[in-house]
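**Q** I need the structure of the sequence given here:
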Amino acid sequence: MLTFPNAKINLGLNITERRADGYHNIETVFYPIALCDALEIVDGVAGFNLHQSGIVVDSPVEKNLVTKAYRLLAQDFDLPSLDVYFHKAIPFGAGLGGGSSDAAFMLKMLNEHAALALTDEQLEAYAARLGADCAFFIKNSPVYAQGIGNEFSPVELSLKGKRIVLVKPDIHVSTAEAYAGVVPHVPAVSLYETIQHTPLQAWRQVVKNDFEKSVFAQYPAIGKIKDTLYEAGAAYASMSGSGSSVYGIFENEIDLKNAFPGCFVWQGELGVEN
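**A** Numbering: from 1, shown residues only. Next comes the predicted model:
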């Protein structure tokens, strides 16, 4: 069984409150994109074995979220022995949710392969135990996210036919570092209302990512990528999550693969989801 866990981007991101537990409440819109890893499972003979390729995953196998997804379900179900082949193509530390997607898709594959008959809601509950945004990838459709990024509401939004250029520089921005430069605030109009009732061409003025101010100040090269995307004609450009990837949404097809030397660049069509 073969599947392709896809990435997501954040359309806007407001840090609304620092919580008593040290985390922050946010509001954002998660939107799936067609940049994918690859995940295949085949019947094995001795427990769980993970075989990795693609971008080097610099962590022990037991800490990989694919492994954690298997171990989580194995606590409640008698799972078969499996060989898992995992090809990593979504960059790390990019604000794209690649690891969360891998975990969620592993849960979905195990549900089908082992005939567990879990509902989407049950799968979301398991996924939430693996990471705040993991549950998003179970249904894998645009949502308005609140809380720590784990409370979802459907959002009426389609960018089908638009083009995206995604750029990931060789810069790592730690989540703690990104949050340290943000002063929480509640916007006058919720992002939920803004994103649904404002045309794409006007997002530049009203759809913001609160992380950008401090991250761009510390890493000007990331801000320059956003500027370059606008100069190339993007209708909207933003950093995704806490970075360091930046994307531009274009009305028409465009080729910028040579415009960002030294960076990972992916181009595709929006509205094409798994």
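
**Q** ranges for the helices of the chain?
**A** 65-74, 98-113, 120-128, 136-139, 175-180, 191-197, 203-206, 212-218, 220-231 (DSSP state H).

**Q** Out of the ones you listed, flag the one nearest A7.
**A** Among these, the nearest to A7 by C-beta to C-beta is helix 98-113 (5.7 Å). Glycine gets a C-beta too; all of them are placed from N, C-alpha and C.

**Q** Can I get the closest one as PDB, trimmed to CA atoms?
**A** Extracted C-alpha coordinates of helix 98-113, given in PDB (Å, rounded to 0.1, in the frame of the first residue of the first chain):
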ATOM      1  CA  GLY A  98       5.700  17.300   6.900                       C
ATOM      2  CA  GLY A  99       6.300  15.100  10.000                       C
ATOM      3  CA  SER A 100       2.700  15.600  11.100                       C
ATOM      4  CA  SER A 101       1.400  14.600   7.700                       C
ATOM      5  CA  ASP A 102       3.600  11.500   7.700                       C
ATOM      6  CA  ALA A 103       2.200  10.400  11.000                       C
ATOM      7  CA  ALA A 104      -1.400  11.100  10.000                       C
ATOM      8  CA  PHE A 105      -1.100   9.200   6.800                       C
ATOM      9  CA  MET A 106       0.500   6.300   8.600                       C
ATOM     10  CA  LEU A 107      -2.500   6.100  10.900                       C
ATOM     11  CA  LYS A 108      -4.800   6.100   7.900                       C
ATOM     12  CA  MET A 109      -2.900   3.400   6.100                       C
ATOM     13  CA  LEU A 110      -2.800   1.200   9.200                       C
ATOM     14  CA  ASN A 111      -6.500   1.700   9.600                       C
ATOM     15  CA  GLU A 112      -7.200   0.400   6.100                       C
ATOM     16  CA  HIS A 113      -4.400  -2.300   6.000                       C
END
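
**Q** And that helix, how far out from the chain middle?
**A** Going by C-alpha atoms, centre = their mean, to the nearest Å, the spacing between the C-alpha centre of helix 98-113 and its chain's C-alpha centre is 14 Å.

**Q** just to revisit the earlier point, with distance to I26 as extra columns, can I get the helices of the chain in CSV?
**A** Written out in CSV, the entries for the helices of the chain read as follows (distance: least, C-beta to C-beta, whole Å):
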stretch, distance to I26
helix 65-74, 21
helix 98-113, 15
helix 120-128, 15
helix 136-139, 13
helix 175-180, 10
helix 191-197, 9
helix 203-206, 17
helix 212-218, 14
helix 220-231, 19
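
**Q** Let's have these in TSV, adding mean pLDDT.
**A** Below are those laid out as TSV (pLDDT from 0 to 100):
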stretch	mean pLDDT
helix 65-74	97
helix 98-113	97
helix 120-128	97
helix 136-139	96
helix 175-180	81
helix 191-197	93
helix 203-206	96
helix 212-218	93
helix 220-231	98
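
**Q** do you know which of those helices lies nearest A20?
**A** Among the helices of the chain, helix 175-180 comes nearest to A20, with 15.3 Å by C-beta to C-beta.

**Q** Identify each buried residue in stretch 177-194, please.
**A** Neighbour-count burial for stretch 177-194, with 16 or more other C-beta atoms under 10 Å as criterion, is recorded at 177-179, 182, 191-192, 194.
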